[in-house]
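# Sequence first, predicted model second:
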Amino acid sequence: MKTLSLCKAGGLLLFTFLLCSCASVSVVDTWRNPAVSTPHLKKVMVVSITKKESSRRVYEDMIAAELAARGVQAIPGYTELPTGMANWEALDGAVKRASVQAVLTVQTIRVEQQTTVQPGYVTTYPGHWYPEAFPAWDLYGYYGSMANYGPAFITTYDVATMQLNLFDATNGKLIWAATVESNEPEKVVTVGKELARIVVESLSRQGLI
């Protein structure tokens with residue numbers, strides 16, 4: 001009985017640990033355009049397409065910094081564009097002024113709410129004391145019974161789907177694309193760091209940087 005209790009308690013703790021320690025950003029899919037031959041990129045503009053100026057700057061700065069660490073001259077879009085939802089003429093002008101080879105866009109395309117349920121468990125002992133039924137019940141008996149009880153846990157959280165596209169600045173063709181998910185979209189800095197790492201590692205594997 002005690003061994004079973006410890007196993008159940010251990011399983012619950014493991015579930016909680018895994019839930020809390022999961023990476024906030026995960027890759028859903030990536031794609032490289034086989035019809036486009038692109039030399040190693042040396043100068044890229046990063047543009048976060050959003051109305052949230054604070055999020056925009058975090059994503060652009062962090063991805064640009066990670067690219068710079070790999071030897072790429074990366075320009076955060078906000079240094080050239082007044083808004084993350086700029087029209088085509090504004091973007092075209094910014095790209096030409098910066099003389100970049102490519103434009104990397106980042107955009108959250110949807111946010112959905114998801115729910116995870118961890119079932120509870122219980123033994124034959126009740127979760128409270130009946131003096132008439134258990135007249136000799138002591139601390140050991142009470143604690144032992146409660147260790148064999150676990151309530152169900154219901155966790156609700158948001159999952160954001162983000163799209164990243166790398167376009168050739170000279171002809172506008174799509175070079176590379178990726179879809180990622182974040183289970184902590186409200187943690188902009190955390191997401192930005194992981195997003196930057198994922199993007200740069202993928203571009204490096206594809207031989208683009």
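Looks like it arrived, so ask away. Not measured: the values here are computed from a predicted model. Numbering: from 1, shown residues only.
# going forward, measure contacts between C-alpha atoms and count neighbours the same way
OK.
# Who's the closest spatial neighbour of the residue nearest in space to the middle of the chain, skipping the chain neighbours?
Per Cα atoms, centre = their mean, the C-alpha nearest to the average position across the chain is that of V25, at 2.2 Å. Nearest in space to V25, with sequence neighbours left out and distances taken as Cα to Cα, 6 or more residues apart in numbering, is S182 at 4.4 Å.
# how about the strands in the protein?
25-32, 43-48, 73-76, 102-118, 153-168, 174-182 (DSSP state E).
# Could you dump those strands into CSV and include mean pLDDT?
Formatted as CSV, those follow (pLDDT from 0 to 100):
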stretch, mean pLDDT
strand 25-32, 90
strand 43-48, 95
strand 73-76, 96
strand 102-118, 84
strand 153-168, 86
strand 174-182, 93
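# what about those strands, which gets the closest to A86?
Of all the strands of the chain, it is strand 43-48 that lies closest to A86, at 10.0 Å by Cα to Cα.
# What pairs with the closest one, parallel or antiparallel?
strand 73-76 (parallel), strand 102-118 (parallel) (DSSP bridges).
# The ones you listed: which one's closest to G93?
strand 102-118 (12.6 Å).
# isn't V180 right up against V25?
Yes: at 6.7 Å, V180 counts as touching V25 under the criterion of Cα atoms under 8 Å.
# So for stretch 99-106, what gets flagged as buried?
100-106 (16 or more other Cα atoms under 10 Å).
# Against T115, how distant is A94?
42 Å (Cα to Cα, to the nearest Å).
# Repeat that for P76.
35 Å.
# In terms of neighbours, single out the busier of the two.
P76 (23 against 9; other Cα atoms under 10 Å).
# any idea how far the more buried one lies from R205?
Taking Cα to Cα, one finds P76 at 23 Å from R205.
# Quick one: neighbours of the residue lying closest to T115 once chain neighbours are set aside, just the number.
Nearest-residue entry for T115: T156, 4.4 Å, with adjacent residues in sequence omitted and distances by Cα to Cα, 6+ apart. Neighbour count of T156, defined by other Cα under 10 Å: 10.
# What part of this structure, helix or strand, is modelled with the least confidence?
Lowest by mean pLDDT, DSSP states H and E among the helices and strands of the chain is helix 2-21, with a mean of 42.
# Q118 contacts F153, doesn't it?
Yes: counting by Cα under 8 Å, Q118 does reach F153; the two are 5.0 Å apart.
# what about A94, distance to K43?
In terms of Cα to Cα, A94 sits 13 Å off from K43.
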